[in-house]
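In: Pasted the sequence and its predicted model underneath.
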Amino acid sequence: MLIKALACDFDGTLAFEDRIGPYVRDTLDRARKASLRLILVTGRTFFELTRVCDCLELFDAVVAENGAVVYHPGSAMIRDQGPPVPARLLAELDRRGIYYQVGRVIVGVARADEAAVKEALLVAGVSRDLIYNRAALMLLPAGVSKGSGVQHVLRVLGLSPHDVLAIGDAENDLPLFDACGFSACPGDSLGAIRDRVDWVFPGAHGDGVATAITTLVLGDRLPVQRSPRHRIAVGWVAATSGPVTIPARGVNVLIHGDPHSGKSWLAGALVERLVAARYAVCVIDPEGDYRVLSRMPGMAWAEIGEPAAVDRALERLRQEPTESVVLDLSSLPHAAKVSVIGQALQSIRDIRRLWGRPHWVLVDEAHYSLHPDGVEPDALGFEDRGFCLVTYRPSWLQDGLVRAVDIFLLARTTDASELAFLSAALPPNDDGVEAVADVLARLPRGEFLMVRRGAEGRAGVLTFVAAPRQTVHVRHLAKYVDSEVPPGREFLFRRAHGEAHGTANSLQSFRRLAAVVPDDVLTRHAEIGDFSRWVDEVFADPELARQLRKVEARSRRGELADLRRAIDALITARYGGGV
């Protein structure tokens, strides 16, 4: 289940005429047995709540007095979240004949007395926020709300707000909705509340809510992927500049494209946006392409040199609800990676079923570990959703994985066998565009095709431009040397009068051309610093650029006997003997 906790209002939501009925109580008991955490949230004074609610022991925590009092039934611990009511305020209310109820922190009055209450606050010199709740008016310290109380409880319980469903029916429940990932209300709620929530549950009061908990929440049938509020931006429509988003929960995504087509860039951008929205993400990185993401707040990086390091790294996900982590497996022998990835995925599945996080698992180079002879399907838990697979060989993946993908984000693809596989695997297109395979074969670098599974097996298709990255994407060095630069960013070897002697679109081709172009072409570029400038601006490799600047300076001073050999030696030292 995506929902790991319920934060429920009392009056009008769980209770009717001051009581939680037997059907609602039985439903809450079933929810607890299904490992759902339960939080009761109410505007009532704590004393009054204990008088009317005889099943507080069902709840992991109680937020009373509209967020001003937090109570944990298991330990009988009670904590006020604000100061007590000043006696001078109560005296002014008495002087005006205003009926009120006073709690540990809250003062409740009738909404009809609002004008007189404001005057009493002014005369008493007391600062209190006025919170509306149908016909009632609550006086609370500044910043105290149902939302602030629930946020405190979630920290204590170690829950992520993204895994909590808030259920309420009145104006004072709006901050509660804001504090939780999802929101719902019974069908007889105020109109403004019905317009605000993700779902309106049929029926009235507790019985309607209890039925929804049984059928939708416990049945894991809440359509979370359809919520318009929970979306992650991935770019803009190429033709119209309209925003392109995907659901933040409840879907599986596959990112595919030729090598060096931009798929890793897009995958990194997706992770950045999920982490920025405080979703917990685990990136399984076989080749060390995602370490740069650790520069983001809330994102950790762990080098996995042995199987035991996996559990140590995943402990972060157990302890901190909004923590994300990159598992870098690049130092492992290739033969060991599949086994370690299988171990990691099994551990992640266990953590998710207990805690609901990580909300997303990204597996890079998925074809190496999720092929038919790779990781066991039971270890993956793909049916739980929240997976993003990145690959240039989707045809190598286990059959069931591609069928369980909800959204395809596709970059340029020229491999005939992969185009044939995608043509057969993708759902039929109903948007009136040309065949997906034809579009992919000539898709410009930096543009992507989104294919979404729709109703009745049909597909929605659009072309989009990827959103910018927050962190600079640097490939693993073993692959980086062969990365092709976008059109217009190549290095052109030429003489001063413009005669061309070759164009390099990667560091590999640059190294090869530097070995054969005429001497005067090579020295001219060194004199004006072209080599270091290109590497710095196009590849964002400041270390290689720094070393090239030193070589260029020595060449200008006539201190370098062999410029070609120096350039070749720098690139070889930086990227290994494989170049």
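Out: Looks like it arrived, so ask away.

In: residues in contact with residue 339?
Out: Neighbour list for residue 339: residue 307 [criterion: C-beta atoms under 8 Å, 6 or more residues apart in numbering]. C-beta here means a position set from N, CA and C on the backbone, and glycine is covered the same way.

In: Just give me the neighbour total for the residue nearest to residue 3 when sequence neighbours are not counted.
Out: Nearest residue to residue 3 in three dimensions, chain neighbours excluded: residue 165, at 4.9 Å (C-beta to C-beta, 6 or more residues apart in numbering). Look at residue 165: counted by other C-beta atoms under 10 Å, it has 26 neighbours.

In: Equivalent analysis for residue 371, please.
Out: 17.

In: next one: residue 28
Out: 24.

In: For it, pull up the helix or strand it's in.
Out: Residue 28 belongs to helix 22-33 when elements are defined using DSSP states H and E.

In: just residue 565 next, same as before
Out: Going by DSSP H and E, residue 565 is part of helix 563-575.

In: What residues sit buried inside that helix?
Out: 563, 566-568, 570-571, 574-575 (16 or more other C-beta atoms under 10 Å).

In: so what does it touch, helix or strand wise?
Out: helix 477-480, helix 507-514, helix 519-527, helix 542-556 (3 or more C-beta pairs under 8 Å, 6 or more residues apart in numbering; DSSP states H and E).

In: hey, where'd the helices end up in the stretch 301-450 of the chain?
Out: Assigned by DSSP state H, counting those that start in this stretch, the stretch 301-450 of the chain shows helices spanning 308-319, 334-355, 377-380, 399-403, 416-425, 436-441.

In: Put together a markdown table for the ones you listed, with distance to residue 545 and mean pLDDT on each row.
Out: A markdown table is the format used below for the helices of the stretch 301-450 of the chain (distance: least, C-beta to C-beta, whole Å; pLDDT from 0 to 100):
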| stretch | distance to residue 545 | mean pLDDT |
| --- | --- | --- |
| helix 308-319 | 33 | 90 |
| helix 334-355 | 31 | 91 |
| helix 377-380 | 41 | 84 |
| helix 399-403 | 41 | 91 |
| helix 416-425 | 35 | 91 |
| helix 436-441 | 34 | 86 |
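
In: Relative to residue 185, which of these is closest?
Out: Of all those, it is helix 334-355 that lies closest to residue 185, at 26.5 Å by C-beta to C-beta.

In: chain center to the closest one, what's the gap?
Out: Taking C-alpha atoms, centre = their mean, to the nearest Å, one finds helix 334-355 lying 19 Å from the centre of the chain it belongs to.

In: 4 is where my numbering starts, stick with that
Out: Got it, the first residue is 4 from now on, which makes the last one we talked about helix 337-358.

In: Can you mark which positions in it are buried?
Out: Buried, per 16+ other C-beta under 10 Å, within helix 337-358: 340-341, 343-352, 354-355, 358.

In: How about stretch 122-138?
Out: Result for stretch 122-138 [16+ other C-beta under 10 Å]: buried residues 123-124, 127, 129, 131, 134, 136.

In: rewinding a little: dump the helices of the stretch 304-453 of the chain into a markdown table; add distance to residue 450 as well.
Out: Below are these laid out as a markdown table (distance: least, C-beta to C-beta, whole Å):
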| stretch | distance to residue 450 |
| --- | --- |
| helix 311-322 | 34 |
| helix 337-358 | 31 |
| helix 380-383 | 30 |
| helix 402-406 | 22 |
| helix 419-428 | 16 |
| helix 439-444 | 10 |
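
In: If we only consider the buried residues of stretch 122-138, which is nearest to residue 292?
Out: Looking across these and measuring by C-beta to C-beta, the closest to residue 292 is residue 134, at 49.5 Å.

In: Apart from its neighbours in sequence, what residue is nearest that closest one?
Out: Residue 134's closest residue in space is residue 141 (C-beta to C-beta, 6+ apart), at 4.3 Å.

In: Can you name the residues bridging to that neighbour?
Out: Going by DSSP bridges, residue 141 is paired in beta bridges with residue 111, residue 134.

In: related to what we said a few turns ago, skip ahead from the helix or strand containing the residue nearest to residue 6 and say which helix or strand is next.
Out: Residue 168 is part of strand 167-170 when elements are defined by DSSP H and E. Downstream of strand 167-170, the next assigned helix or strand under DSSP H and E is helix 177-182.

In: For that next one, which outside residues touch it?
Out: Residues outside helix 177-182 that contact it (C-beta under 8 Å, 6+ apart): 10, 12, 44, 70, 148-151, 153-154, 157, 164, 169, 171, 186, 196, 199-200.

In: same thing but at 10 Å, please
Out: With C-beta atoms under 10 Å, 6 or more residues apart in numbering as the test, helix 177-182 has contacts from 10-12, 42, 44, 66, 69-70, 134, 147-157, 164, 167-171, 186-188, 195-196, 199-201, 232.

In: In contact with the nearest residue to residue 567 once chain neighbours are set aside: list those residues for me.
Out: In space, and not counting its chain neighbours, residue 567 is closest to residue 518: 5.7 Å by C-beta to C-beta, 6+ apart. By C-beta under 10 Å, 6+ apart, the residues touching residue 518 are 525, 567-568, 570-571.

In: Can you add distance to residue 296 and pLDDT and give those back as CSV?
Out: Below are the contacts of residue 518 laid out as CSV (distance: C-beta to C-beta, whole Å; pLDDT from 0 to 100):
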residue, distance to residue 296, pLDDT
525, 38, 94
567, 37, 92
568, 37, 90
570, 31, 91
571, 32, 89
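
In: Closest one to residue 107 out of the residues you listed, please.
Out: Nearest to residue 107 among the contacts of residue 518, with distances taken as C-beta to C-beta, is residue 570, at 75.0 Å.

In: what about the closest one, distance to residue 559?
Out: Taken as C-beta to C-beta, to the nearest Å, the spacing of residue 570 relative to residue 559 amounts to 14 Å.

In: which residues in the stretch 4-153 of the chain form strands?
Out: Assigned by DSSP state E, counting those that start in this stretch, the strands in the stretch 4-153 of the chain fall at 8-12, 40-44, 64-67, 72-75, 80-83, 104-105, 110-113, 132-136, 139-143.

In: In its sheet, which strands sit next to the first one, and in what direction?
Out: Applying DSSP bridges to the sheet, strand 8-12 is found paired with strand 40-44 (parallel), strand 167-170 (parallel).

In: Return the most buried member of these.
Out: The highest mean neighbour count among these, using mean count of other C-beta atoms under 10 Å, belongs to strand 167-170: a mean of 28.

In: Distance from that one to the middle of the chain?
Out: Its chain's C-alpha centre and that of strand 167-170 lie 19 Å apart, by C-alpha atoms, centre = their mean.

In: Also stretch 507-519?
Out: Relative to its parent chain, stretch 507-519 has a centroid offset of 40 Å by C-alpha atoms, centre = their mean.

In: re earlier: which parts of the helix holding residue 31 are buried?
Out: Of all the residues in helix 25-36, those buried under the rule 16+ other C-beta under 10 Å are 27-28, 30-31, 34.

In: For the residue most central in space within the chain, give its distance to residue 270.
Out: The residue lying closest to the centre of the chain (C-alpha atoms, centre = their mean) is residue 277, at 2.5 Å. Counting by C-beta to C-beta, the gap between residue 277 and residue 270 amounts to 11 Å.

In: Quickly find the element holding the nearest residue to residue 234 once chain neighbours are set aside.
Out: Computed as C-beta to C-beta, 6+ apart, the closest residue to residue 234 that is not its neighbour in sequence is residue 248, at 3.8 Å. Assigned by DSSP H and E, residue 248 belongs to strand 246-250.
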